[in-house]
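[1] show me the folded form of this:
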Amino acid sequence: MNIKRDKKMDDLDKKILRELQLDSRSSFTKIARKIGVSTATVSERVKRLTKKGIICGYTAVLNTSELGMVTLITKIKTKPGYSVEEVGKEIAKLDESCCVHHVTGDFDLLVISKCTGHDKCGTVIEKKKKIEGVESVDAELVLKTMKEELKVSL
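    Presented below is the predicted three-dimensional model:
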């Protein structure tokens, strides 16, 4: 989908996005009251931001450590002649993959995965190694997470 991005975000869009990042369950009426505009304005802006692909969805943020999950970071090098993007798409299909980034440096992809226990991490690493186009996988387990969030400063 190629959506024309002819309008830049203005301060009002940023205010709405800040409020949604704080609590995506807030009603448009509550957001409108907080930022001093009408509910219709918030509704229309959110529709436009969604259509432009700036708002991609709404979700609950989980404390995966409290769920007994382990964070696995893998750095993946693709074989010569293979598309990094295609390999990345295959890795992204794995249920455990949370973030897949095409990066600079010695590796092509940086992948953050969440596994249900340390044993599962080994299984996930092996799954990644078997994907066509993967040359090597370097894996690290996170011992402790000091900060993990998706909010961005606008």
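[2] what segments of the protein are strands?
    If DSSP state E is used as the criterion, the strands of the chain fall at 70-78, 97-102, 109-115, 134-141.
[3] for R48, find the nearest of the ones you listed.
    strand 97-102 (26.4 Å; Cβ to Cβ). For glycine as for every other residue, the C-beta is placed from the backbone atoms N, C-alpha and C.
[4] and the closest one, what's its mean pLDDT?
    Average pLDDT, strand 97-102: 97.
[5] can you list the weak-confidence ranges in the protein?
    1-7 (pLDDT under 70).
[6] so which residue is dead centre in it?
    Against the mean C-alpha coordinate of the chain, by Cα atoms, centre = their mean, the closest residue is C99 at 5.3 Å.
[7] against M9, how distant is it?
    With the distance defined as Cβ to Cβ, to the nearest Å, C99 ends up 23 Å from M9.
[8] and E132, by the same measure?
    Plainly put, E132 is 39 Å away from M9 if you go by Cβ to Cβ.
[9] same check, this time on G105
    Between G105 and M9 the distance is 31 Å, computed by Cβ to Cβ.
[10] show me which of these two is the more surrounded one.
    M9 (16 against 7; other Cβ atoms under 10 Å).
[11] go ahead and confirm that one touches I55.
    No. Taking contacts as Cβ atoms under 8 Å, M9 lies outside contact range of I55: 11.3 Å.
[12] and the chain, what are its domains?
    Here the domain parsing of the chain from automatic domain parsing is 11-51, 70-141.
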